[in-house]
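> Give me a 3D structure for the following:
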Amino acid sequence: MEKVNLSEKFNLFKELWTPKIVGELNGQYVKLAKTKGEFVWHKHDTEDEFFLVVNGTLTIKLRDKDIHLDPGEFLIVPKGVEHKPVSENEAHVLVFEPKSTKHTGDVESEITVKKFDWI
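Presented below is the predicted three-dimensional model:
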């Protein structure tokens, strides 16, 4: 059992939209991601998704509205809800999701990560 320093972990990678695993609890991964630009529209049919902004800003686009997140704010996207994360500038995000969650949900694209790295 060791503490995790988020700043140190974020400094270990540069890739955008490529979450890295930093912990595991109760069948869920704790992941860190750097974001900039637009992700893909997608949904997760059986898993909720938790986004906590650590640095920068993140907008979660939904089909009927946009939800803007500042540092220290989080959003839980319920299963089955189509969404698209967007950040104009680089943002650092902590994500909780079940181990079974696919990176781009029901969509397969060139940015889909099939095996997540531990850092």
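> In contact with V77, which residues?
Contact partners of V77, counting by CB atoms under 8 Å, 6 or more residues apart in numbering, are 44, 48-51, 60, 83. For every residue, glycine as well, the C-beta is placed using N, CA and C.
> mind redoing it with 10 Å?
By CB atoms under 10 Å, 6 or more residues apart in numbering, the contact list for V77 reads 43-44, 47-51, 60, 62, 67, 83, 85, 97.
> Where does the prediction get shaky in this structure?
Where the chain drops to pLDDT under 70, the residues are 102-107, 109-112, 114.
> Give me the most central residue, it.
In the chain, the residue lying closest to the centroid (CA atoms, centre = their mean) is V95, at 4.6 Å.
> Now it. Nearest residue, chain neighbours left out?
K31 (4.5 Å; CB to CB, 6 or more residues apart in numbering).
> and K65, how many neighbours?
7 (other CB atoms under 10 Å).
> Show me how far the helix or strand containing V93 is from its chain's centre.
Following DSSP states H and E, one finds V93 within strand 83-98. With CA atoms, centre = their mean, to the nearest Å as the basis, strand 83-98 stands 4 Å off its chain's centre.
> Quick check: which helices or strands does that strand pack against?
Applying 3 or more CB pairs under 10 Å, 6 or more residues apart in numbering; DSSP states H and E, one finds that strand 83-98 contacts helix 6-10, strand 20-25, strand 28-38, strand 49-55, strand 58-62, strand 66-69, strand 74-77.
> What lies in contact with the first helix or strand past it going along the chain?
Next helix or strand after strand 83-98 toward the C-terminus (DSSP H and E): strand 117-118. Here strand 117-118 makes contact (CB under 10 Å, 6+ apart) with 12-13, 15, 18-24, 29, 31.
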